[in-house]
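Trainee: sequence and predicted structure below; questions after.
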Amino acid sequence: MNLAIDSKREFRQDGGEIIYTLPNGLQGYMLVNSNGNRINVGPKNIVHDSSREKDGLIIDGISCMSCHKSGMFPPPADEIAAVSGSALGEQDALFVRRLYKQDSVKASIDDDMARFRKALDKCGVAGANDEPIRALYDRFRADVTPAQLSSEFGQSSEHFVEDMARSGNESVRLLAAKLKSGVTIPRQNFIANFNLIVTALSLGDLISAGTPAFEEFGGKKPVAAPAPAQALDILDGISLGDLDVRSRKQFGLPSEVGGKVVAGVLVTGVKAQSFGDLAGLKINDVITQMDRSRVGSARQAADLGQKLKHNQKLTLHVLTVSRLVTLYADAKAEDENPRVLHGLFIADISDDWRRELNLTSDTTGVVITEMNPSSIAIRAGLKVGDVILEIGGERVTSLKQALEVSKALKKDSRIRLRVLTNPSEADLVLEAKN
């Protein structure tokens, strides 16, 4: 359908911004191309965001919220009349003026603005200098400083970079060296290395470490059409490594614990919401069998995994010999005895302890010999005979070193331990469900 009598003057849109009112009175936004399909970034030759000094990009949603932080804004009263009079023929100009009635359009926009500002009042952000969503987005987009890096992991900034510098992972040590030299880390690089830092410093089990959807942070571009359905990979999101001398040393896993041989493949990563995560698989677990077939190396597990990955159900026999425990400081239960760590009495692993606990000569750490009855460690599930492998992410080799590390962490409100305990075995069943 033509909107102009003279087809040479007919308007053809390159795209646009769609603004709509949400049920709560706030606004939603979407940038579209000439076909009406959503785009994530506005074309730079048409629109420009002056608040983004480096690239000037208009980002779908984010830039819109910032620009319209006070709601809709109408064009100058005489703009339509001026454009229609100079660019169009007389009949077309008359048609545009009849179609675009300034008074009624302004009244509709005023109603929208009143509704939007009322919704802002309910949110408690009316009159703010900065639009809060954009401010948070810019904060997240900025380079990561050493202090901010530690806070991302809920750790103390005073020791976190030093812990990274002492890591057994070369890439983590390189990041620490950059931070010490005053270099900040681009957000996208931080996201790419998040899993690596968590694993290297034994900070716990990953709950979520996915890439943000925005292309700006490494997210994928929107797909024009859905890909054809493929068979689900039941092992997707599970990373495995060889249980060799290096990995045993890094994760404090001896060749034998409590008379049980620790052999198989090491779980080095479990993606959140993967089939392995849903079944309860954890980092540092040792997989000894896959559907009753024994596995002794990562390559063997990968070959077997190729045959089993499209199974709807897969049983993994898992050996757990170490776990992470977080102790929170309890001043009433704390003892001034230098051999006490948050209510735990610790000692070097003597020959007697090795015989009693069936520990091999390659097991290093300190053993828990007594526990304060009121200690929070008891509530955390620790017991006499457990061996502390790490304190605050640092490997422990002797009582003297453990006390030095714990003394440095004494003021912290919480302390994370990696503990070697009596091995437990379980069959974890992974089920692939659409």
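Mentor: Everything's here; your move.
Trainee: show the pLDDT at the closest residue in space to residue 184 that isn't next to it in sequence.
Mentor: The spatial neighbour of residue 184 that comes closest, neighbours along the chain excluded (CB to CB, 6 or more residues apart in numbering), is residue 143 at 3.7 Å. Placement of C-beta: from N, CA and C, glycine included. pLDDT, residue 143: 85.
Trainee: ok, residue 348 next?
Mentor: At residue 348, the pLDDT value in this model is 90.
Trainee: what do you get for residue 29?
Mentor: The confidence metric pLDDT takes the value 90 at residue 29.
Trainee: residue 288 contacts residue 320, correct?
Mentor: No: here residue 288 does not reach residue 320: they are 11.0 Å apart, not a contact under CB atoms under 8 Å.
Trainee: so the residue nearest to residue 184 sits against residue 185, correct?
Mentor: Yes: with contact defined as CB under 8 Å, residue 143 reaches residue 185; the gap is 6.2 Å.
Trainee: which one of the two has more residues nearby?
Mentor: residue 185 (19 against 12; other CB atoms under 10 Å).
Trainee: got the domain ranges for this protein?
Mentor: According to automatic domain parsing, the chain comprises the domains 9-137, 142-217, 238-322+427-431, 324-421.
Trainee: and the ones you listed, which one is worst for confidence?
Mentor: domain 324-421 - the lowest mean pLDDT of the domains of the chain, at a mean of 74.
Trainee: run the chain-centre distance for it.
Mentor: Offset of domain 324-421 from its chain centre (CA atoms, centre = their mean, to the nearest Å): 30 Å.
Trainee: may I ask which helix or strand encompasses residue 317?
Mentor: Under the criterion DSSP states H and E, the helix or strand holding residue 317 is strand 313-328.
Trainee: for residue 148, same thing?
Mentor: For residue 148, the host element (DSSP H and E) is helix 146-152.
Trainee: what residues does that helix touch?
Mentor: With CB atoms under 8 Å, 6 or more residues apart in numbering as the test, helix 146-152 has contacts from 144, 156-157, 160-161, 179-180, 185, 190.
Trainee: list buried members of the residues you listed by neighbour count.
Mentor: Among the contacts of helix 146-152, those buried by neighbour count (16 or more other CB atoms under 10 Å) are 144, 156, 160-161, 179, 185, 190.
Trainee: mind checking which of those residues are in helices?
Mentor: Members of those lying in helices (criterion: DSSP state H): 160-161, 179, 190.
Trainee: how about the strands in the stretch 151-300 of the chain?
Mentor: 238-242, 256-257, 260-261, 265-270, 286-290, 293-294 (DSSP state E, counting those that start in this stretch).
Trainee: ok, which of those comes nearest residue 310?
Mentor: strand 286-290 (13.8 Å; CB to CB).
Trainee: just the buried positions in that closest one, please.
Mentor: In strand 286-290, counting by 16+ other CB under 10 Å, buried: 286-290.
Trainee: any chance of the residues you listed in TSV, plus distance to residue 16?
Mentor: As requested, the buried residues of strand 286-290 are exported to TSV (distance: CB to CB, whole Å):
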residue	distance to residue 16
286	57
287	54
288	59
289	59
290	54
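Trainee: which of those sits closest to residue 355?
Mentor: Relative to residue 355, the closest of those is residue 286; by CB to CB it sits at 23.8 Å.
Trainee: measure the closest one to residue 371 for me?
Mentor: Per CB to CB, to the nearest Å, residue 286 is found 27 Å from residue 371.
Trainee: in the stretch 301-434 of the chain, what residue spans correspond to helices?
Mentor: For the stretch 301-434 of the chain, the helices defined by DSSP state H, counting those that start in this stretch cover 351-357, 376-379, 399-408.
Trainee: of these, which is nearest residue 273?
Mentor: Of all these, helix 376-379 comes closest under CB to CB, at 29.2 Å.
Trainee: may I have the closest one as PDB, with CA atoms only?
Mentor: C-alpha atoms of helix 376-379 as PDB (Å, rounded to 0.1, in the frame of the first residue of the first chain):
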ATOM      1  CA  ILE A 376      30.900 -24.600  64.500                       C
ATOM      2  CA  ALA A 377      33.100 -27.200  62.700                       C
ATOM      3  CA  ILE A 378      31.000 -30.000  64.200                       C
ATOM      4  CA  ARG A 379      27.900 -28.500  62.700                       C
END
